[in-house]
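Colleague: I'll drop the sequence and a predicted model, then ask my questions.
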Amino acid sequence: MEHIVPMDEGIESWNTTIFLYNSALKEVKTKVEILNDEFQQVHQYNPIEYVKARIKTPESIVKKLKRYGKETSIENMINYINDIAGIRIVCSFTSDIYKLAEMIGKQKDLTVVSVKDYIKNPKESGYKSYHMLVTIPIFMSDRTVNTKVEIQIRTMAMDFWASLEHKIYYKFEGNAPDYISRDLRECSEIVSMLDAKMLQLNEAILEAKAAQEENTGAI
Ligand code: 0O2
């Protein structure tokens, strides 16, 4: 019988752990690329602008464990840090985010562990993104290990805000002056307006194009 084990069972070394996360990252990235290609083939439309995949740095893992009040150990890192393997999918429009999330959720070999919709419920900082924590089975020679990957899905405008906010906020180590935090929240509102306007424009363009094609066809 197949031997499926949770990630924290039988993990001997840092190298094995990172090997698992790297493998999971490759698998999920390929899945997302295939979904994008399929979408292109069926709908002649590309919902994804770009995909980034990364393994969290050891410094960042240790920092996060400290923030959670946990000792630095491989077991704690596997159990408490959900975004060691992270995929960021950047889409054109907000509507694409939900389409993709649905498609990812339907993949038979992926298990969706949790979802955080920071688009419907933005963070206090103004951060907006759609997060899915999934596990994917990694088939080794002697066992199968369900490995965690965090998928972040956002628009280009949300990504622009998050990248700059990360840079700016980092400098203050979480203690930014009030007016900076307020201005960042304001910028996040502007990002939402921009996303809404671009979506509206795209819909208007599609309608106009369809009407034009209908008229041409009628002649
Ligand atoms: P870094 O340096 O980007 O890797 P959890 O234990 O999963 O409940 P966690 O991990 O905080 O808690 O979950 P969450 O809220 O899903 O956040 C995970 C990641 O989302 C963060 O990882 C950031 O990448 C991003 N993120 C969350 N909140 C913010 C925010 O306010 N601003 C920006 N720019 N990014 C945010 P890390 O490890 O915190 O940071």
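Modeller: Perfect, thanks for sending it. On a predicted model such as this, the values are computed, not experimentally measured, just so you know.
Colleague: Distance check, the residue nearest in space to the middle of the chain against Y127.
Modeller: The residue lying closest to the centre of the chain (Cα atoms, centre = their mean) is Q152, at 1.2 Å. Separation of Q152 from Y127 (Cβ to Cβ, to the nearest Å): 10 Å. C-beta coordinates here come from the backbone N, C-alpha and C atoms, glycine included.
Colleague: Show the residue spans covered by the helices in this structure.
Modeller: 14-43, 58-67, 74-80, 94-105, 156-172, 178-218 (DSSP state H).
Colleague: packing partners for the fourth one?
Modeller: In other words, helix 94-105. helix 14-43, strand 85-91, strand 111-117, strand 130-139, strand 144-155, helix 178-218 (3 or more Cβ pairs under 8 Å, 6 or more residues apart in numbering; DSSP states H and E).
Colleague: again with the fifth one
Modeller: On a contact count with 3+ Cβ pairs under 8 Å, 6+ apart, helix 156-172 meets strand 85-91, helix 178-218.
Colleague: For it, what is the distance to the chain centroid?
Modeller: 15 Å (Cα atoms, centre = their mean, to the nearest Å).
Colleague: Neighbours of D37, how many?
Modeller: If you count neighbours by other Cβ atoms under 10 Å, D37 ends up with 12.
Colleague: The one 5 residues further on now?
Modeller: For V42, the number of neighbouring residues by other Cβ under 10 Å comes to 8.
Colleague: any idea how far it lies from R67?
Modeller: Relative to R67, and taking Cβ to Cβ, V42 is found at 43 Å.
Colleague: Name the residues of this structure found near the ligand, please.
Modeller: 56, 60, 64, 82-83, 116, 123, 125, 127, 131, 162, 165-166 (Cβ under 6 Å from any ligand atom).
Colleague: give me that answer again for 5 Å
Modeller: 82, 123, 125, 127, 131, 162, 165-166 (Cβ under 5 Å from any ligand atom).
Colleague: still on that earlier bit, contact partners for the spatially closest residue to the residue nearest to the centre of the chain that is not a sequence neighbour?
Modeller: The shortest distance from Q152 to any non-neighbouring residue, by Cβ to Cβ, 6 or more residues apart in numbering, is to R88 (4.7 Å). Counting by Cβ atoms under 8 Å, 6 or more residues apart in numbering, R88 touches 51-54, 151-154, 159.
Colleague: rerun that using 7 Å as the cut-off
Modeller: 51-52, 152 (Cβ atoms under 7 Å, 6 or more residues apart in numbering).
Colleague: and if you look at N82?
Modeller: Counting by Cβ under 7 Å, 6+ apart, the residues that N82 touches are 133, 148, 150.
Colleague: Export the residues you listed to a markdown table and append columns for neighbour count and distance to L25.
Modeller: Converted to a markdown table, those look like this (neighbours: other Cβ atoms under 10 Å; distance: Cβ to Cβ, whole Å):
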| residue | neighbour count | distance to L25 |
| --- | --- | --- |
| L133 | 16 | 14 |
| K148 | 22 | 11 |
| E150 | 21 | 10 |
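Colleague: Dump these to CSV, plus pLDDT.
Modeller: Rendered in CSV, the data for the contacts of N82 read as follows (pLDDT from 0 to 100):
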residue, pLDDT
L133, 98
K148, 97
E150, 98
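Colleague: How about S188: what's its closest non-neighbour residue?
Modeller: That would be G126: by Cβ to Cβ, 6+ apart, it lies 2.9 Å from S188.
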